[in-house]
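# Coordinates only, no sequence provided:
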C-alpha cells in the first residue's frame, strides 16, 4: 500500500490518459503538505514508456537562473548573455538530450524552482517536445516570494489536479488495512478529526506510532484500548489539535468519537487537559467509579482548582454512585479552599445537585432532605444572585429553582425556570454541552405534569437527535445512580504507559 496514493486512483488514471493522448498543456498537481503530491508524481514517473518518452525528474536547486536544469545543460552553457538567447540554448539542449523522444518532465515542488528553468520548460511544453507535470504546495498564508508556477496557470490546455483530504470512508479503509481489521465508526471519525484526512499525518499515527498495538477488538470492530495510565507511548500528532478535536466532539455530544479522541490523547501523554471530558464520558457510560479514579490520580489540588473538574467529580459521586451528600460536601469544601474556582459557581453546582438528585429512605428522611435542598438553594441565591456576570452560575441557579419547584409540585413554575435555564445554555456549549438535553428532558416532564401535552410533544421533537441518541443517554445517566457497565479490558501489552 502506497499511503500517498490513497484516494488518488482516479487522479492517476486521468493523468495517464493525458499522457497517452499527448495533451498539449502542463499538468499542475496541487495539495497541502503530506497530501501525496510527490507520491503521485513518482507513480507517473514509474509508468513512463521509455521507448517513446524520456523521463526527467527535475529538482529545484535555488534561485539562480537555470539551476534546476543544470544536470541537462552542456558544460559550456554560458553564465551571461541575453536572457532570451539563454532560454533558447537551454531549450535546444533539453530537446537534444531527449534524443528524438518526447520528454516527460516532472518538477516536484515547482514553486521553489527558479523562474528561468520553468520558463524553459514552458517553451518545451508549448512546442510539443515535452509533457510537463509539476507539483506545487497550496498557499495558506502570505507567500515567501514570487511563485514561478504562476506562468503556467494560463497555458493552453493546462490541467490542475487538486489532492483533497481523505474522506471518512478512505480513512477507515486504509487504516483497517494497516491494523488488520475493520474499525469502529467512532474510531475512524476520531482519526479523521485528528489528521484532517492528511495521508502523511495518518501514516505517522497508524504506522509510525503502531496504532494497531493500542487497539482491542470489540463486537467485530477495532477501537482504541484504554491506557491504564497516562503516558507518552505515542508521539505522532499535534497535542493541541488532539485536545481541540476531543473537546469539539464533546461539545457536539458525539460521545463515542469524543471517547476515542480522549484515549488517543492519553496514549500521547496529554490526557490531563481532557480529564473533565473523560470523567463525564465515563459517567454517561455507567462507569463513574473509573472516572473518579482517573480524577483522583491527578496532581493534588488540580480538581479543586478547576470548576470543570470539580463539577465532574461531584456529578460522578451524585449521579454515578448515588452519593449526593458526598458530592455536596466536596463542593462545599472546594468552595472554601479552591484557589481557582469562583465560590458562587461551586455553591451553585452544590445546590443544583442537592435539588436534582433522587433521595431514598423513610418519609421523614425524604422530608428532611427536601428541607436541606431548599436551604442549599436559598444559600446560593443569597451569595450568587444573577448580577455577577457568571453565566454558568446563573444556569445552575435556574436549574436549582426549576428542580425545587418540580419537587414541590409547582409544575408551571418549574417550566418557567427550565426554559430560562435552557436560554442560558446558548453560550455554554463548550463547558456543559450535556445541559441542554438534560434540561429538555426535565422540561418535558414538567410540561406533562402541568397538563401541557401539546407543548411537551413539541419539545420532544429532535430530542433523540445527535450521534447515537446522545440526548437520551444524557437524560438516562443523570436521572439517578447508574449501573456500572464494564468495558472489555485492553490487552496488557497495549495498556502499559512507558
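Everything's here; your move. Bear in mind that the values here come from a model prediction, so they are computed numbers and not experimental data.
# Tell me where this protein has strands.
All strands of the chain, identified by DSSP state E, fall at 27-31, 53-58, 102-107, 130-137, 159-162, 215-218, 221-224.
# Go ahead and name everything in contact with the fifth one.
By C-beta atoms under 8 Å, 6 or more residues apart in numbering, the residues outside strand 159-162 that reach it are 11, 14-15, 18, 23, 25-31, 40. C-beta coordinates here come from the backbone N, C-alpha and C atoms, glycine included.
# Starting from that strand, tell me which strands it pairs with and how they run.
For strand 159-162, the pairing partners within the sheet under DSSP bridges are strand 27-31 (parallel).
# Any chance you could list what contacts the strand it pairs with?
By C-beta under 8 Å, 6+ apart, strand 27-31 touches 11, 15, 18, 37, 40-41, 110, 132-138, 149, 152-153, 158-164.
# quick one on the thing from earlier: and which of the contacts of strand 159-162 is nearest to residue 71?
Closest approach between the contacts of strand 159-162 and residue 71, by C-beta to C-beta: residue 26, at 20.4 Å.
# So what's the residue count around the closest one?
29 (other C-beta atoms under 10 Å).
# swap in residue 335?
The number of residues packed around residue 335, counting by other C-beta under 10 Å, is 21.
# ok, now which ones touch residue 163?
Residues in contact with residue 163, defined by C-beta under 8 Å, 6+ apart, are 8, 11, 29-32, 35-37, 40.
# Take those residues and lay them out in a markdown table including pLDDT and neighbour count.
Output for the contacts of residue 163, formatted as a markdown table (pLDDT from 0 to 100; neighbours: other C-beta atoms under 10 Å):
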| residue | pLDDT | neighbour count |
| --- | --- | --- |
| 8 | 72 | 26 |
| 11 | 82 | 19 |
| 29 | 92 | 26 |
| 30 | 91 | 18 |
| 31 | 88 | 22 |
| 32 | 85 | 18 |
| 35 | 86 | 27 |
| 36 | 87 | 26 |
| 37 | 90 | 24 |
| 40 | 89 | 23 |
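# Dump the residues you listed to JSON lines, plus distance to residue 79.
What follows is the contacts of residue 163, written out as JSON lines (distance: C-beta to C-beta, whole Å):
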{"residue": "8", "distance to residue 79": "41"}
{"residue": "11", "distance to residue 79": "40"}
{"residue": "29", "distance to residue 79": "32"}
{"residue": "30", "distance to residue 79": "33"}
{"residue": "31", "distance to residue 79": "36"}
{"residue": "32", "distance to residue 79": "37"}
{"residue": "35", "distance to residue 79": "37"}
{"residue": "36", "distance to residue 79": "38"}
{"residue": "37", "distance to residue 79": "32"}
{"residue": "40", "distance to residue 79": "35"}
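# ok, now which ones touch residue 431?
308, 392.
# Please tell me how far it sits from residue 305.
To residue 305, residue 431 is 16 Å away according to C-beta to C-beta, to the nearest Å.
# Most remote residue from the middle of the protein, which is it?
Farthest-out residue of the chain from its mean C-alpha position, per C-alpha atoms, centre = their mean: residue 76, at 55.9 Å.
# Tell me who's in contact with residue 335.
With C-beta under 8 Å, 6+ apart, residue 335 has these contacts: 341, 343, 346-347, 350.
# Give me the subset of these lying in helices.
Under the assignment DSSP state H, these contribute 343, 346-347, 350 to helices.
# By neighbour count, which of those wins?
The residue in the ones in helices among the contacts of residue 335 with the most neighbours, by other C-beta under 10 Å, is residue 350 (29 neighbours).
# Would you confirm that that one contacts residue 314?
Yes - if you go by C-beta atoms under 8 Å, residue 350 and residue 314 touch, sitting 7.5 Å apart.
# What's the separation between residue 438 and residue 97?
73 Å.
# How about residue 79?
Using C-beta to C-beta, we find residue 79 at a distance of 20 Å from residue 97.
# Which one's more surrounded, the two?
Neighbour count, other C-beta under 10 Å: between residue 79 and residue 97, residue 97 has more, with 16 against 8.
# Apart from its chain neighbours, what residue comes closest to that one?
residue 72 (5.1 Å; C-beta to C-beta, 6 or more residues apart in numbering).
# Check the one you found and give its pLDDT.
Here, the pLDDT recorded for residue 72 equals 91.
# Any idea how many residues pack against it?
By other C-beta under 10 Å, neighbour count at residue 72 equals 19.
# right, and it touches residue 95 too?
No - between residue 72 and residue 95 there is no contact under C-beta under 8 Å: 10.1 Å.
# so who does residue 422 touch?
436, 439-440, 443.
# Run through this structure and note the low-pLDDT ranges.
Confidence mapping of the chain against pLDDT under 70 gives the ranges 1-7, 23, 139-145, 229-234, 236, 338-340, 358-388, 462-469, 480-498.
# Recalculate using a threshold of 50.
Residues of the chain meeting the criterion pLDDT under 50: 360-365, 466-468, 482-498.
# about what we covered before: okay, among the contacts of strand 159-162, which ones form the most distant pair?
23 and 31 (20.5 Å).
# what's the neighbour count on the closest residue in space to residue 453 that isn't next to it in sequence?
Once flanking residues are discounted, residue 453 sits nearest to residue 447: 7.6 Å by C-beta to C-beta, 6+ apart. Applying other C-beta under 10 Å, we find 24 residues neighbouring residue 447.
# correct me, but residue 447 touches residue 460?
No - the pair residue 447 and residue 460 does not pass the contact test of C-beta under 8 Å, sitting 9.4 Å apart.
# number of nearby residues for the nearest residue to residue 63 once chain neighbours are set aside?
Nearest residue to residue 63, sequence neighbours excluded (C-beta to C-beta, 6+ apart): residue 114, at 5.5 Å. Neighbour count of residue 114, defined by other C-beta under 10 Å: 19.
# any idea how far residue 114 lies from residue 149?
Counting by C-beta to C-beta, the gap from residue 114 to residue 149 is 12 Å.
# now residue 137
Distance, residue 137 to residue 149, using C-beta to C-beta: 10 Å.
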